[in-house]
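J.: have a look at this fold, sequence not included:
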DNA sequence: AACATTGTTCGTATTTTTGCGAACGAGTTT
DNA sequence: AAACTCGTTCGCAAAAATACGAACAATGTT
């Protein structure tokens, strides 16, 4: 063990991954990615959990940067955060591309 | 809210994401993906945490299916789990591909 | 047999996550 | 202003995650 910390990209990727680390939040993101109508109520209807819990998951996704919220009285509209979504996409793609996984390599 | 549960692919993707949701585990996976020598001690040297903690992170990655361990006395060799790695890669790619993110769509 | 090396497991402490109902606040409608 | 809708925040409880040192087991060396 040494005293190194983690690289910014590692922290960023882990942050995105952590936000995606719950089936409810995956479901929310998939819903947002496919719908035009992305109001809180619509999201809540899709999920088997209480509205307070939905609100918490949305808060977490927002803090991770994957979505953004906008008040449209009397409703609240949620959307994918485009720039960060593309950033996450690239970070994950690069991450998985890094393993050649050839016979004889680290993977067997 | 309804009584639906989550889809198997959502659960699987969330499981992978959760395992990737810590910078130490990202660092471990990146290290394994690039090295031929992937013994516990080598991994431990790369990280700023105690060996007991490293062992726990490895256990979590193994349970998520992203890596596999193999005893090579007196050492333990860890490797990317190739099949699941490719599965994860595909699940993430499909997930991010699902958002067209066009102006006028859900994303603005 | 005693010792050294390697990594896991145990026990513990702290923090974070997950979940819910109740209460609340913002904005609309009556 | 009173009532209603929509969603957040509060307060709480239970579970899981994170981290460490100490103890342990397994193997190899002296």
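T.: Perfect, I can see it now. A quick note: this is a predicted structure, and the numbers were derived from the prediction, not measured.
J.: point out where chain A drops to low pLDDT.
T.: Chain A contains residues with pLDDT under 70 at A:1-4, A:100-108.
J.: show me what from it comes close to DNA strand C.
T.: Residues of chain A lying near DNA strand C by C-beta under 7 Å from any atom of the strand: A:18, A:21-22, A:24, A:49-53, A:56-57, A:60, A:73-74. (Each C-beta comes from the backbone N, C-alpha and C, glycine too.)
J.: can I get the buried part of those residues as one PyMOL selection?
T.: To isolate the buried ones among these in PyMOL, judged by 16 or more other C-beta atoms under 10 Å in any protein chain shown, type:
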select buried, chain A and resi 18+21+22+24+57+60
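J.: which one of the residues of chain A next to DNA strand C is nearest to residue A:98?
T.: Ranked by distance to residue A:98 (C-beta to C-beta), the residues of chain A next to DNA strand C are led by residue A:18 at 19.6 Å.
J.: show me where chain A has helices.
T.: Secondary structure of chain A, counting by DSSP state H: helices at A:8-19, A:23-34, A:40-46, A:51-64, A:82-97.
J.: tell me how far the third one is from the chain's mean position?
T.: So that's helix A:40-46. Relative to its chain's centre, helix A:40-46 lies at 17 Å (C-alpha atoms, centre = their mean, to the nearest Å).
J.: buried ones in it?
T.: By 16+ other C-beta under 10 Å, the buried positions in helix A:40-46 come out as A:40, A:43-44, A:46.
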